[in-house]
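**Student:** Sequence and computational prediction follow.
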Amino acid sequence: MGFKRIMPVNASPEYGHAEKEYHLAKTTEEKIERLKKMLSVAPKHKSSENLIKQLRTRLKKFQGEIERTKKLSKSRGGKTGIKKLEMQAVIVGFSKSGKSSLLNILTNANAKISETKFTTTHSIIGMMPYGSTQVQLIEIPAMDSDFYDKGTVYTADSILILIQNIEELKKIESILQTNGKKIIVLTKSDLLSEPEKRKLEATLKSKYKKYEFVFISCITSEGIEELKEKIFKSFNKIRVYTKEPKKEKSNNPIILEPEANVKEVAEKILKGFSEKVKETKIWGPSSKFPGQKVGLQHKLKDLDIVEFKTR
């Protein structure tokens with residue numbers, strides 16, 4: 001239980017309740033908070049000196065753990081060794097905002113969901129499928145905890161700001177440091193009436209014009225597909241499929257910047273491959289007709305298909 005239970009003489013019901021709450025604590029922050037409460041209400045007399053000493057020793061240990069975590073995070077620049085993929089988005093928000101529920105509904109992750117604050121103590125990665133592509137989606141520990149991973153947030157392509165009310169936005173903006181594109185995700189929309197939604201939408205459009213926003217519910221799945229689309233569009237990438245002559249197109253597209261050309265596709269397949277290309281045909285939005293022959297400098301569009309013939 002962390003320390004031997006010794007009920008002090010003349011202990012108040014308040015102390016007994018504080019001790020019970022301590023033993024139910026799940027996170028280090030909660031244990032620190034509840035140990036402080038126990039110390040504040042514990043009787044101060046000779047028969048309780050041993051317990052007071054144990055409480056202070058345990059408190060010091062937990063505070064040391066938090067401090068070591070902070071130093072480790074700082075020495076790593078706030079990063080947790082996450083390899084950044086071509087399309088990376090992160091979910092940020094305060095504790096108990098529903099970040100784990102959102103990660104689970106969007107990806108293959110199985111993040112732990114709890115009513116307890118600060119359950120997530122490290123960044124959790126999931127992969128969100130969208131149109132035969134995979135988006136790396138990361139749940140970041142709560143912004144109001146000691147485990148907030150600001151390094152990953154700073155370098156992410158897109159930021160999902162998960163809120164339950166408009167008031168949380170100002171607090172988040174004061175903490176958030178990133179160059180990524182921001183999408184405001186207002187959760188628990190199933191609890192809002194249509195007039196309330198219209199009022200919130202008007203506020204977001206007038207005060208947060210630079211941000212995309214969407215109303216969602218992890219209970220009814222309202223807005224989830226719209227959110228997936230907004231996440232993908234936020235990266236401003238195009239998907240180009242490749243194929244071999246007389247065969248079907250590849251299942252997984254190559255991800256490129258807008259207006260990338262045929263040569264860039266060839267080089268992404270294999271460095272130096274463009275020098276071996278004899279003929280290129282394309283199908284899709286950038287072609288004038290199916291199977292059009294084009295040169296290496298031809299600019300591509302989203303969902304084009306490219307076929308290479310080599311020398």
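**Tutor:** The structure has been received and is ready for your questions. Numbering: from 1, shown residues only.
**Student:** Now do the residue nearest to Leu186 when sequence neighbours are not counted, the pLDDT please.
**Tutor:** The shortest distance from Leu186 to any non-neighbouring residue, by CB to CB, 6 or more residues apart in numbering, is to Phe215 (5.1 Å). In short, each C-beta sits where N, CA and C put it, glycine included. Note on Phe215: pLDDT of 94.
**Student:** Next: Thr119.
**Tutor:** Reported pLDDT for Thr119: 62.
**Student:** before we move on, the earlier item: contacting residues for the residue nearest to Leu186?
**Tutor:** 186, 189, 192, 197, 200-201, 222-223 (CB atoms under 8 Å, 6 or more residues apart in numbering).
**Student:** Put the buried members of the residues you listed into a ChimeraX selection.
**Tutor:** The ChimeraX command for the buried members of the contacts of Phe215 (criterion: 16 or more other CB atoms under 10 Å) is given here:
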select :186,189,192,200,222,223
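**Student:** The closest residue in space to His298 that isn't next to it in sequence: neighbour count?
**Tutor:** Leaving aside its chain neighbours, His298 sits nearest to Val262 (4.9 Å; criterion: CB to CB, 6+ apart). Neighbour count for Val262, taken as other CB atoms under 10 Å: 23.
**Student:** now swap in Gln297 and tell me
**Tutor:** The burial count for Gln297: 9, using other CB under 10 Å.
**Student:** Next, it: secondary structure please.
**Tutor:** coil (DSSP: H, G, I helix; E, B strand; the rest coil).
**Student:** Please list all residues in contact with the closest residue in space to Ala260 that isn't next to it in sequence.
**Tutor:** Among residues not flanking Ala260 along the chain, Leu300 sits closest, at 5.7 Å (CB to CB, 6+ apart). Residues near Leu300 by CB under 8 Å, 6+ apart: 238, 240, 256, 259-262, 265, 282, 286, 306.
**Student:** So what does Leu300 have for phi and psi?
**Tutor:** Here is the backbone geometry of Leu300 (degrees, to the nearest 10): phi -100, psi 160.
**Student:** One more: Val277?
**Tutor:** phi -70, psi 130.
**Student:** which residues touch Ala11?
**Tutor:** Ala11 neighbours (CB under 8 Å, 6+ apart): 42-43, 48.
**Student:** repeat that with 10 Å
**Tutor:** Listed by CB atoms under 10 Å, 6 or more residues apart in numbering, the contact set of Ala11 reads 18-19, 41-43, 48, 51.
**Student:** picking that back up, quick check, nearest of the contacts of Phe215 to Gln292?
**Tutor:** Gly223 (39.1 Å; CB to CB).
**Student:** so that closest one sits right up against Ile183, yeah?
**Tutor:** No - here Gly223 lies out of contact with Ile183, judged by CB atoms under 10 Å, at a distance of 11.3 Å.
**Student:** Show me whatever sits in contact with both of those two.
**Tutor:** 213-214, 230.
**Student:** Take the residues you listed and keep only those in strands.
**Tutor:** Of these, the ones assigned to strands by DSSP state E are 213-214.
**Student:** Please report which of the shared contacts of Gly223 and Ile183 has the highest neighbour count.
**Tutor:** Val214 (22 neighbours).
**Student:** list the contacts for it?
**Tutor:** Per CB under 10 Å, 6+ apart, neighbours of Val214: 160, 183-187, 189, 204, 222-231.
**Student:** Look up which residues are beta-bridged to it.
**Tutor:** Val185 (DSSP bridges).
**Student:** measure it to Tyr208 for me?
**Tutor:** Between Val214 and Tyr208 the computed distance is 12 Å (CB to CB, to the nearest Å).
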